[in-house]
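Trainee: I would like to see how this sequence folds:
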Amino acid sequence: MPALWIAHVTVTDEEAYGKYAKLAGPAIAAHGGSFIARGGKYVQLEGKDRPRNVVARFPSVEAAVDCYNSPEYQEALSHAKGASERELLVVETSE
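Mentor: Sure, this is the predicted structure:
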């Protein structure tokens, strides 16, 4: 079943986070992921407000988790740590 990777982010260091974004996109694509939403208009209805919201579709939960654990994504993530506050989850779709 397809899965969605959903990230809610507050960027605290634009320069470092930009390095993350440059590396994360190719890592996500290499694992079959494609972006559905990246930082567009949103309305916060409940919970903690994070001004950057990203949704990517993957072929499966396993593909998304493999992406997260891949050396390429972990290299990208090293730039986001300390440059952002984030929550990230993967959820299987009902399709």
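Trainee: could you say what helices and strands the helix or strand harbouring Ala37 packs with?
Mentor: Using DSSP states H and E, Ala37 maps to strand 34-38. Applying 3 or more C-beta pairs under 8 Å, 6 or more residues apart in numbering; DSSP states H and E, we find strand 34-38 packed against helix 14-30, strand 52-58. (Each C-beta comes from the backbone N, C-alpha and C, glycine too.)
Trainee: what comes up buried for the first one?
Mentor: Spelled out, that is helix 14-30. 16-17, 19-21, 23-24, 27-28 (16 or more other C-beta atoms under 10 Å).
Trainee: counting contacts, what elements does that helix pack onto?
Mentor: Using 3+ C-beta pairs under 8 Å, 6+ apart, helix 14-30 is in contact with strand 34-38, helix 61-69, helix 71-80.
Trainee: want to throw these into a markdown table with mean neighbour count and distance to Trp5?
Mentor: Converted to a markdown table, the helices and strands packed on helix 14-30 look like this (neighbours: other C-beta atoms under 10 Å; distance: least, C-beta to C-beta, whole Å):
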| stretch | mean neighbour count | distance to Trp5 |
| --- | --- | --- |
| strand 34-38 | 13 | 9 |
| helix 61-69 | 17 | 5 |
| helix 71-80 | 16 | 10 |
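Trainee: Nothing else from me, thank you.
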